[in-house]
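*Asks:* just need the structure, nothing else, for what follows:
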Amino acid sequence: MKYALSQRSKDRLKGLHPDLVRVVEHAIKITDIDFTVLEGMRTLERQKQLVSQGASKTMNSRHLTGHAVDLAPFVNGQVSWDWPLYHRLAKVIKRAAKEVGVPLEWGGDWKSFKDGPHWQLPWKQYPSNAPVVAKKYTGETDKQASAKAIVAVGGSVTAAAPIATEPLIEVTKAITDQQDSLSSGDIVRIVIGVIIVGVSIYFAWKKLRST
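*Replies:* As a prediction, this is how the structure comes out:
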């Protein structure tokens, strides 16, 4: 049986990150269990209310920035809170995320405070201060992506290249870990500076090799 998102569910997807919307829209096409969108974007007031009720444990929810969505099985026209159904739905959502190439985290996989309806884009690939635009997830690690950027600027990297790349990779990782506390302008300036230093080290090393 084929299912479709209700108009209410579509309305609740408004304002969410396009990649998150893509997952939900694909999931409804391949699912063997109907589901509904419980909640997408939240206001700060709504989040405060949920925290005070004990329904949420943080004021830094991904719902506030459009990076999270709550989904629930829909059975006989009613939302179901039957936990086994959330595991069944989770298989569908994870498959949909994989097929459209978007990394996704399920609240039901958390060690504590398991949240069956909750799905969110990972902080690592989708920092909250990043522009809300679709981005394709390549599956690269931070180290691979950093090395690729250095190669693109400085040319091919030879056997001795780790002398230049490893410190820069660590700096890039540190920047990534602290992105939430930096403005986008700060990050751009830091990254440009790191690349310039890396290129300088590379060509200095190359010059020494030729002497």
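*Asks:* how many neighbours does Q49 have?
*Replies:* Look at Q49: counted by other Cβ atoms under 10 Å, it has 13 neighbours. In short, each C-beta sits where N, CA and C put it, glycine included.
*Asks:* which outside residues touch the longest strand seen in the chain?
*Replies:* Identified as the longest strand of the chain according to DSSP state E is strand 68-75. Strand 68-75 has contacts (Cβ atoms under 8 Å, 6 or more residues apart in numbering) with 12-13, 16, 20, 24, 33-40, 61-63, 79-82, 85-86, 88-89, 93, 116-121.
*Asks:* of the residues you listed, grab the buried ones for ChimeraX.
*Replies:* Provided next is the ChimeraX selection string for whichever of the contacts of strand 68-75 are buried by 16 or more other Cβ atoms under 10 Å:
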select :12,13,16,20,24,34,35,36,37,39,40,61,62,63,80,85,86,89,93,116,117,118,119,120,121
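*Asks:* in helices only, show me the contacts of strand 68-75.
*Replies:* Among the contacts of strand 68-75, DSSP state H puts R12, L20, V24, L85, Y86, R88, L89, I93 in helices.
*Asks:* and D32, what does it touch?
*Replies:* M1, V92.
*Asks:* distance of it from K2?
*Replies:* Distance, D32 to K2, using Cβ to Cβ, to the nearest Å: 10 Å.
*Asks:* cool, and W106?
*Replies:* In terms of Cβ to Cβ, W106 sits 24 Å off from K2.
*Asks:* do the same with E45
*Replies:* Taking Cβ to Cβ, one finds E45 at 38 Å from K2.
*Asks:* please enumerate the helices of this structure.
*Replies:* Using DSSP H, the helices of the chain run over residues 7-12, 18-30, 44-53, 83-100, 142-154, 162-177, 184-210.
*Asks:* quick check: bridge partners of the spatially closest residue to S80 that is not a sequence neighbour?
*Replies:* With Cβ to Cβ, 6 or more residues apart in numbering as the criterion, S80 has its nearest non-adjacent residue at 4.5 Å, and that residue is P73. Per DSSP bridges, the residues bridged to P73 are F35.
*Asks:* how many residues are close by P73?
*Replies:* When neighbours are counted by other Cβ under 10 Å, P73 registers 22.
*Asks:* what ranges in this structure fall below the confidence cut-off?
*Replies:* Residues of the chain meeting the criterion pLDDT under 70: 129-191, 193-194, 197, 200-211.
*Asks:* how about 80 then?
*Replies:* For the chain, residues meeting the criterion pLDDT under 80 lie at 55-58, 60, 128-211.
*Asks:* how many other residues sit next to the closest residue to K2 other than its chain neighbours?
*Replies:* Distances taken as Cβ to Cβ, 6+ apart put K29 closest to K2, at 7.5 Å, once the chain neighbours are dropped. Close neighbours of K29, defined as other Cβ under 10 Å, add up to 12.
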